[in-house]
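Engineer: take a look and give me a structure for this.
(2 chains)
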2 protein chains.
Amino acid sequence: MILVNGVATASLPIPDRGLAYGDGIFRTFALRDGRVCAWRRQFAKLAADARALGIKCPEEALLRADVGEVTHGATDGAVKIVVTRGSGARGYAYSPGQPATRIVSASELPQHPRHWTKQGVAVHLCSLRLARQPALAGVKHLNRLENVLARAEWSDPEIAEGLLQDSAGNVIGGTMTNLFLVTRDGLLTPDLGHSGVAGVTRERVIESARRNGIACRVAAITLSELFAASEVILVNSLIGAWCIRQLGAAAWEQGSMTATVRRWLEEDDD
Amino acid sequence: MILVNGVATASLPIPDRGLAYGDGIFRTFALRDGRVCAWRRQFAKLAADARALGIKCPEEALLRADVGEVTHGATDGAVKIVVTRGSGARGYAYSPGQPATRIVSASELPQHPRHWTKQGVAVHLCSLRLARQPALAGVKHLNRLENVLARAEWSDPEIAEGLLQDSAGNVIGGTMTNLFLVTRDGLLTPDLGHSGVAGVTRERVIESARRNGIACRVAAITLSELFAASEVILVNSLIGAWCIRQLGAAAWEQGSMTATVRRWLEEDDD
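Structural biologist: Prediction:
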């Protein structure tokens, strides 16, 4: 089921700026046991991303009602919210405060092999390098061609994810996941001030670590630092946490931190 | 009038990847005196951009027929073609060779003050810097948030365009135009190997210059070089050519080259 501005439909007016320019933002999150996971944080991130682009974010109550409607009767699923700057005349200029378009839909949770969770995943090192754009970094906007091109670099279904560096060689994350290294000094996650998406699950892990007395540093990370980590953990709202088992010639045993992160995500779901 | 895959409609299926990820390309060009301007080049550029993203480009005859239909009976207008990678399941992965979506529409030609053509235009120097992404540079794709943010930097209707530099400080062009400097050695236009859109009108000017025995160099350009130019010319398919009259504290008199470029564009329309 898809709702556009609260109305059930399968289509969007062509002049919408979401289509014309990728002028919008989105969120994907899980419904588990009939409960929307981390809704408060998902909405807060949507509102922050809207603010970053000067898009008028729809009210929380409207979006929450839409989510309730598209997930009605379901136990588990993936929910997606897209908010675009709405329809406009030809050209890049827009009227400040023009009404946004909200699109809310639900689908099945993606299915992945069970051993990915139990033993970790194989990851491809992408040759595409992310551009550095501080004005858009961190925001989950609809300009995702870099992710599309990176994802097209492999077709082996046993490879779960692709690892992305920026043009300066910093490790940024996966095509659809954020990343944590386990080091002697605690957790380390890439600074996303120039590239990448600062996801809600990343934020939850950072906060849980701090709450549990585990140091968690946000910094630029080189590939050498990644290879030196005792555990590399990928996270997002739908998969939870996977550790990397293999990346090129490097291999890791499943460590204990991935399970800890997974427990944090199960315990604190808002 | 809007045609989606040849059928008159006002809307697009929500799962289209053009909306989800900006996973597509577009062209905008003019109809003048009942004739589509530079069709052969417009299609060649669309096909090249599709190839760059691995999108299956619709056949020329189909697109040409759509353009004929949306412009039927009209004398002048702006035509837009969008080609997306089509609909897909959730996630960045796509099936190679999946059928693209083609969207063809026509609208009125934009109206600009007559003195912009006669005396040149005032231009804003954008503070946003374009990211450097060689995998996407030159391609007119649907990931245009940088252009949207840059265009939002000014609202004065007397300012015709914004000038963009990349993160390394190179001059790239306008938010919707390509750029030529007139120097002692002939014409100079920015290298677009890392940022920007290599438009059809830019290509036509480069070729016309060479055909007319005027040197035209493609190179990295600094802001100092731009300020030292005797004439700065902005071009695109809808406006033709404007010279810059004012950029910050700098001012230029209308030189003779802008008129020459305009004549080239009128003479050679394919």
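
Engineer: got the domain ranges for chain A?
Structural biologist: In the assignment given by automatic domain parsing, the structural domains of chain A cover A:2-107, A:114-267.

Engineer: so is the first one next to chain B?
Structural biologist: To tie it back to what came earlier, the one meant is domain A:2-107. Yes. Counting by Cβ under 8 Å from any Cβ of the partner chain, contacts between domain A:2-107 and chain B involve A:2, A:4, A:9-14, A:16-23, A:26, A:28, A:53-54, A:78, A:80, A:82, A:84-85, A:90-94, A:96, A:103, A:105, A:107. The way it works is simple: take the backbone N, C-alpha and C, and place the C-beta from them, glycine included.

Engineer: what about the helices in the stretch 51-200 of chain A?
Structural biologist: With DSSP state H, counting those that start in this stretch, the ranges of helices along the stretch 51-200 of chain A come out as A:60-70, A:114-119, A:145-151, A:200-211.

Engineer: would you turn the ones you listed into JSON lines with mean neighbour count and mean pLDDT?
Structural biologist: Written out in JSON lines, the entries for the helices of the stretch 51-200 of chain A read as follows (neighbours: other Cβ atoms under 10 Å in any protein chain shown; pLDDT from 0 to 100):
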{"stretch": "helix A:60-70", "mean neighbour count": "16", "mean pLDDT": "98"}
{"stretch": "helix A:114-119", "mean neighbour count": "13", "mean pLDDT": "94"}
{"stretch": "helix A:145-151", "mean neighbour count": "23", "mean pLDDT": "98"}
{"stretch": "helix A:200-211", "mean neighbour count": "19", "mean pLDDT": "97"}
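
Engineer: among the ones you listed, which is nearest B:L149?
Structural biologist: Nearest to B:L149 among these is helix A:145-151 (16.5 Å), distances taken as Cβ to Cβ.

Engineer: and the one helix or strand A:W242 maps to, does that touch chain B?
Structural biologist: Taking DSSP states H and E as the criterion, the element that holds A:W242 is strand A:240-247. No. Contact between strand A:240-247 and chain B is absent, the nearest approach being 15.4 Å (criterion: Cβ under 8 Å from any Cβ).

Engineer: and the closest residue to chain B within the stretch 1-150 of chain A, what does it touch?
Structural biologist: Closest approach of the stretch 1-150 of chain A to chain B (Cβ to the nearest Cβ) occurs at A:G22, with a separation of 3.1 Å. A:G22 sits next to A:H141, A:L142, A:N143, A:R144, B:Y21, B:G22, B:L142, B:N143, B:R144, B:L145 when contact means Cβ atoms under 8 Å, 6 or more residues apart in numbering or on different chains.

Engineer: gap between it and A:D16?
Structural biologist: 11 Å (Cβ to Cβ, to the nearest Å).

Engineer: closest to A:E253 out of the contacts of A:G22?
Structural biologist: Distance to A:E253 across these (Cβ to Cβ) is lowest for A:R144, with 33.1 Å.

Engineer: then A:V261 would be within a helix, right?
Structural biologist: Yes. Residue state for A:V261 (DSSP: H, G, I helix; E, B strand; the rest coil) corresponds to a helix.

Engineer: how many other residues sit next to it?
Structural biologist: 26 (other Cβ atoms under 10 Å in any protein chain shown).

Engineer: with A:L142 instead?
Structural biologist: Residues within reach of A:L142, counting by other Cβ under 10 Å, total 28.
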